[in-house]
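Engineer: Quick check, what structure comes out for this input:
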Amino acid sequence: MNITLKDGSVLEYAAPMTAADVAKDISMGLYRNATACKIDGAVADLRTVLDKDCALEILTFEDEDGKKAYNHTASHIMAQAVKRLFPEAKLTIGPAIENGYYYDFDVEKPFSPEDLEKIEGEMKKIIKENLELERFELPVDEAIALMESKNEPYKVELIQEHAGKGEAISFYKQGEFTELCAGPHVFKTGQIKHNAFKLISNNAAYWRGDSKGKALQRIYGIAFPKKEQLDEYLQKLEEAKLRDHRKIGHDLQLFMTDELVGRGMPMFLPKGYTVWRILEDYIREKEIKSGYQHVLTPCIGTVSLYQTSGHWDHYQKNMFPAMEVDDETYVLRPMNCPHHMRIYANTPHSYRSLPVRIGEIAHDFRYEASGTLKGIERGRHFCQNDAHLFVTPEQIKDEFAKVVDLIFETYQDFGITDYRLVLSLRDPEDKEKYHDDDEMWNTAEDALRDVLNSLNLDYTEEIGEAAFYGPKLDVNVKPAVGAEYTLSTCQLDFCLPAKFNLTYIDKDNKPRTPVVLHRAILGSLDRFMAYLIEETMGAFPTWLAPVQVKFLPIADRHQDYAAAMMQQLQDAGVRCELDDRSEKIGFKIRSAQMEKIPYMILVGDKDIEANTISVRSRKNGDEGATSIEAFIARIKEEIDTKAR
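Structural biologist: Residues are numbered from 1 along each chain as shown. This is a model prediction of the structure:
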C-alpha cells in the first residue's frame, strides 16, 4: 500500500500495515495531515497504533471519520476557550456534526456576537499554544470525583449514565482543560488551522433535546484544513441566506408565522396559497388520470386507532398529547394510513377490484422539537400528498413501477434532476423502533429490493431509515444549498393490513391479506414548495407564479385601457394584477421586479393609439409592442407546456 505524504514523498507498506511499520513515521511527524485512523475497522486516535499490532488505515479530512475527528477537536478548543473567558459556564456536550461542530453550554445569559468574536480570538491562542491532547481513563468513582471537583454536573450525569455498562470512562486533556470524551482527536491543537475555522452562530437549545429540560446556549462552528475551503463554505452560507425560503416567503408575502398562533404553524397568504393550490391541483389531476380515488378524512382519531396501527407504541413521542372528549381519547393525527385502512375495510373486496388506490391531500400534525422547525420546510402542521395502494402480492411490481414513473414524470415537470434513490431498511438490532417480526421484514425487504433490481434502478441501501412497519424507497433531492433531504417516498407494508384484519377474496375464493404501498409524490406540499422557493429564489416559472402578469399604466389616463387589456388576459385564465398607483413608471417596474413577476405590460399613449401592449419580461427585459391576442397565445402556451 502506498501513502503519499504532505511533502509529496511516498511511503510503501505491505498491507495490512502494522504499528511496527508506521510507529517511526508517526513519531517523526510525517502524518501531519492525518486526523485519525481505523484500527481493525474501528475509528481511533492515531496515537493508539504505537502500542498495537493491527491492520491500519490512515484517515484525513477527506474521509468522513477523519473530518469528524478534526471538527471534534475544534469543538474541544472552543469549549476550552469558553471556560477561559466564562469560568462559570457549565459544559454539556459538543459533537462533530455533518457541517462542523457545536457545543452546548449552561450560562447565565445568551452569548452575544461580541462574545463569539472573543471566543474565536481565544481559540486562536489555544491553537498557537499547540497543546497536546492526552487521553486517559478512570474508574467510575474517580471519574465522577474529577468532574465534581470541576463543578461540571452535566458530565457527572453522563458518567453515571454509563456506569455499569462496562464502557471505559475516558477523558482528553489539553493544557488546563479536561473533557469527558470517547474521541478520537488529532495529536495537538496546533493541527487545527488558525485561519480556517469560524464560529457560525449561536442559539437556544435544551439539555437532552427536551423542551422541559434546562435551557442551554449552543454555539455552532466549522473548521477546515485550508483557508480556501473555509472561504468557499462561507460563500455558500451567504448564498443560502439569499435562498432561504423563510426570507423569500416573507419578502414576497407568500406565508407568515405568528407566535400567538403557535410555533411551527405557518399560515399561507393569498399569493402563497395560490402556489400551494396550483401544486395541489397539479398532483390531484395526475393521480386521477392514474386511477386514484380521493377521499377526505378527519384530522384527529382515537388513541385506539393508533394503538391498532402500532403508531402509539412506535411514534407517540412525535404526536401531540392526547385529549379526553366524552369518555373517548383522541389525538391529532401525525399520518393518514390508519384512516385509509378503515376506508378500505368499509367495502368488501375481491382480487378483481384490486388495486385500490386511495389518495388525499391530508392535514397532519407532528410534535417537532422547536429547534428543528424551519419555516414551511419543517413545521408542526403540514399537508401530505398522501396515498395508499392496496394490492395483491402479484401486483407489487407493476404498482411500484407506476409510482416510480409518476415520481419521475413529476420531477421532469418541475425540472428536478439532482436526486438519488435510497432503499431504506430497518436496523435489525433496534427492537423498539421497528415492528418485531423478522419474517415479515425479510419478506418485505427482499420484495422491494427485487422490484428495484427488476426495474434496473440505481440505488443505495441505508440501514435504520425504514418506517416502523416496512422498508421504503426514498427519493432524496440535493438542493441548490444545504444538505439533501427526502421529497418523495414509496413504502412497502405487509404489517398494517394484517393489524387491521384487511382482506380480499382471491381467485380460490379464500380471504387473503392485501399488501399496501404507502406513497407520497410531492411529499408534503409545504416542503415541496419550500424546495421550489429556494431553487428558484422565488422566481417561479410562469405556470406556477402567483401573479403571472402585472399591468403598469404609465399615467393615470392609461388605466382604463390597461384594465381592459388585463380583463382579456383574465378571461383566458391568466393571473394578473394592475398597479394603479400614482407613481413613476420606473418605480412601478422596480417594484414588479422585486416581486419577481414573469411579465410586465407597460401601457402608454402609443399603445392606446396602436391598440397594442408593450411587453417586458423577467427573462429578456423590454421586448417591444405586440397585440394582446398574440401575447395571450404566447403565455398560454408557456403555461400549458410548463415551460421553465
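
Engineer: Can you tell me how far residue 558 is from residue 588?
Structural biologist: Shown here: residue 558 relative to residue 588, a distance of 12 Å by CB to CB, to the nearest Å. Placement of C-beta: from N, CA and C, glycine included.

Engineer: swap in residue 623?
Structural biologist: 17 Å.

Engineer: Neighbour count for the two, which is higher?
Structural biologist: A direct count of neighbours by other CB atoms under 10 Å for residue 623 and residue 588 places residue 588 higher, at 20 against 13.

Engineer: For the more buried one, list the residues it contacts.
Structural biologist: Residues counted as contacts of residue 588 (CB atoms under 8 Å, 6 or more residues apart in numbering) are 552, 579, 581.

Engineer: In the sheet, which residues pair with the first one? Tell me.
Structural biologist: With beta bridges defined as DSSP bridges, residue 552 has these partners: residue 602.

Engineer: Spit out the contact partners of it.
Structural biologist: 562, 579, 585, 588, 589, 592, 600, 601, 602, 603.

Engineer: Repeat the analysis, applying 10 Å as the threshold.
Structural biologist: Contacts were defined as CB atoms under 10 Å, 6 or more residues apart in numbering; by that measure residue 552 touches 558, 562, 577-581, 583, 585, 587-589, 591-592, 597, 600-604, 614, 616.

Engineer: all helices for the stretch 451-600 of the chain, in order.
Structural biologist: Listed in chain order, the helices of the stretch 451-600 of the chain (DSSP state H, counting those that start in this stretch) span residues 496-499, 525-536, 559-571, 585-594.

Engineer: mind listing what's buried in the shortest one?
Structural biologist: Going by neighbour count (16 or more other CB atoms under 10 Å), the buried part of helix 496-499 is 496, 497, 499.

Engineer: Save those residues as JSON lines, and put in pLDDT and distance to residue 463 too.
Structural biologist: Compiled in JSON lines, these are given as follows (pLDDT from 0 to 100; distance: CB to CB, whole Å):
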{"residue": "496", "pLDDT": "89", "distance to residue 463": "22"}
{"residue": "497", "pLDDT": "92", "distance to residue 463": "25"}
{"residue": "499", "pLDDT": "92", "distance to residue 463": "24"}
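
Engineer: any chance you could map the strands in the stretch 351-500 of the chain?
Structural biologist: For the stretch 351-500 of the chain, the strands defined by DSSP state E, counting those that start in this stretch cover 356-365, 381-391, 419-425, 460-463, 472-477, 485-493.

Engineer: Adding mean neighbour count, write the ones you listed out as CSV.
Structural biologist: Putting those into CSV (neighbours: other CB atoms under 10 Å) gives the following:
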stretch, mean neighbour count
strand 356-365, 21
strand 381-391, 23
strand 419-425, 19
strand 460-463, 12
strand 472-477, 22
strand 485-493, 22
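
Engineer: Can you lay out the ones you listed as TSV showing distance to residue 198 and mean pLDDT?
Structural biologist: Formatted as TSV, the entries for these read as follows, by distance: least, CB to CB, whole Å; pLDDT from 0 to 100:
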stretch	distance to residue 198	mean pLDDT
strand 356-365	37	96
strand 381-391	33	95
strand 419-425	30	88
strand 460-463	31	84
strand 472-477	27	90
strand 485-493	24	89
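
Engineer: so which of these comes closest to residue 155?
Structural biologist: Proximity to residue 155, assessed across the strands of the stretch 351-500 of the chain by CB to CB, is greatest for strand 460-463 (31.2 Å).

Engineer: How far off centre is stretch 158-168?
Structural biologist: Average the C-alpha atoms of stretch 158-168, do the same for its chain, and the two points are 33 Å apart (CA atoms, centre = their mean, to the nearest Å).

Engineer: contacts for it?
Structural biologist: For stretch 158-168, the external contacting residues (CB under 10 Å, 6+ apart) are 92-93, 137-148, 152, 169, 180, 182.

Engineer: now do 6 Å
Structural biologist: Taking contacts as CB atoms under 6 Å, 6 or more residues apart in numbering, the residues outside stretch 158-168 that touch it are 137, 140, 143, 144, 169.

Engineer: secondary structure element for residue 248?
Structural biologist: Secondary structure from DSSP states H and E places residue 248 in helix 245-251.

Engineer: Which strands or helices does that helix pack on?
Structural biologist: Judged by 3 or more CB pairs under 6 Å, 6 or more residues apart in numbering; DSSP states H and E, the packing partners of helix 245-251 are helix 525-536.

Engineer: Could you list the residues in contact with the helix it packs on?
Structural biologist: Taking contacts as CB under 6 Å, 6+ apart, the residues outside helix 525-536 that touch it are 243, 245, 248, 276, 279, 376, 377, 382, 383, 479, 480, 522.

Engineer: Settle this for me: the third one is touching residue 538, isn't it.
Structural biologist: Yes - look at residue 248 against residue 538 with CB atoms under 6 Å: they come within range, at 4.3 Å.

Engineer: before we move on, the earlier item: ok, so of the buried residues of helix 496-499, who is nearest residue 132?
Structural biologist: Using CB to CB, residue 496 is the member of those that lies nearest residue 132, at 56.0 Å.

Engineer: For that closest one, give its distance to residue 444.
Structural biologist: For residue 496 relative to residue 444 (CB to CB), the value is 12 Å.

Engineer: What is the burial count for the closest residue to residue 370 other than its chain neighbours?
Structural biologist: Once its chain neighbours are removed from consideration, residue 370 has its nearest residue in residue 263; the separation is 5.8 Å (CB to CB, 6 or more residues apart in numbering). Residues contacting residue 263 under the criterion other CB under 10 Å number 13.

Engineer: Over to residue 371?
Structural biologist: Other residues close to residue 371 by other CB under 10 Å number 13.

Engineer: and it, how far is that from residue 356?
Structural biologist: Taking CB to CB as the measure, residue 371 falls 40 Å from residue 356.

Engineer: circling back to that earlier point, spell out the secondary structure type for the residue nearest to residue 370.
Structural biologist: Assigned by DSSP: H, G, I helix; E, B strand; the rest coil, the conformation of residue 263 is coil.

Engineer: Give me the phi and psi angles of it.
Structural biologist: Listed backbone geometry of residue 263 is phi -70, psi 140, with angles given as degrees, to the nearest 10.

Engineer: what's the pLDDT at it?
Structural biologist: According to the per-residue confidence, residue 263 scores 90 in pLDDT.

Engineer: quick one on the thing from earlier: among the helices of the stretch 451-600 of the chain, which comes closest to residue 288?
Structural biologist: Shortest distance between residue 288 and the helices of the stretch 451-600 of the chain, using CB to CB, is found for helix 525-536: 16.8 Å.

Engineer: From the contacts of residue 552, keep the buried residues only.
Structural biologist: Neighbour counting by 16+ other CB under 10 Å classes 558, 562, 577-579, 585, 588-589, 591-592, 597, 600-604, 614, 616 among the contacts of residue 552 as buried.

Engineer: coming back round to it: which one of the contacts of stretch 158-168 is nearest residue 361?
Structural biologist: For the contacts of stretch 158-168, the closest approach to residue 361 (CB to CB) belongs to residue 169, at 52.4 Å.

Engineer: Per-residue pLDDT of residue 313, please?
Structural biologist: If you check residue 313, the pLDDT there is 85.

Engineer: ok, now residue 51?
Structural biologist: Confidence at residue 51, expressed as pLDDT, is 50.

Engineer: quick check, residue 330 in a strand?
Structural biologist: Yes - assessed with three-state DSSP, residue 330 lies in a strand.

Engineer: That one reaches residue 300, doesn't it?
Structural biologist: Yes - between residue 330 and residue 300 there is a contact at 4.9 Å, judged by CB under 6 Å.

Engineer: pLDDT below threshold where in the protein?
Structural biologist: When residues are selected by pLDDT under 70, those of the chain lie in 1-42, 44, 46-58, 166-167, 430-437.

Engineer: Just give the number of residues close to the residue nearest to residue 507 when sequence neighbours are not counted.
Structural biologist: In space, and not counting its chain neighbours, residue 507 is closest to residue 351: 5.9 Å by CB to CB, 6+ apart. As a burial measure, the neighbour count of residue 351 was computed by other CB under 10 Å and equals 16.
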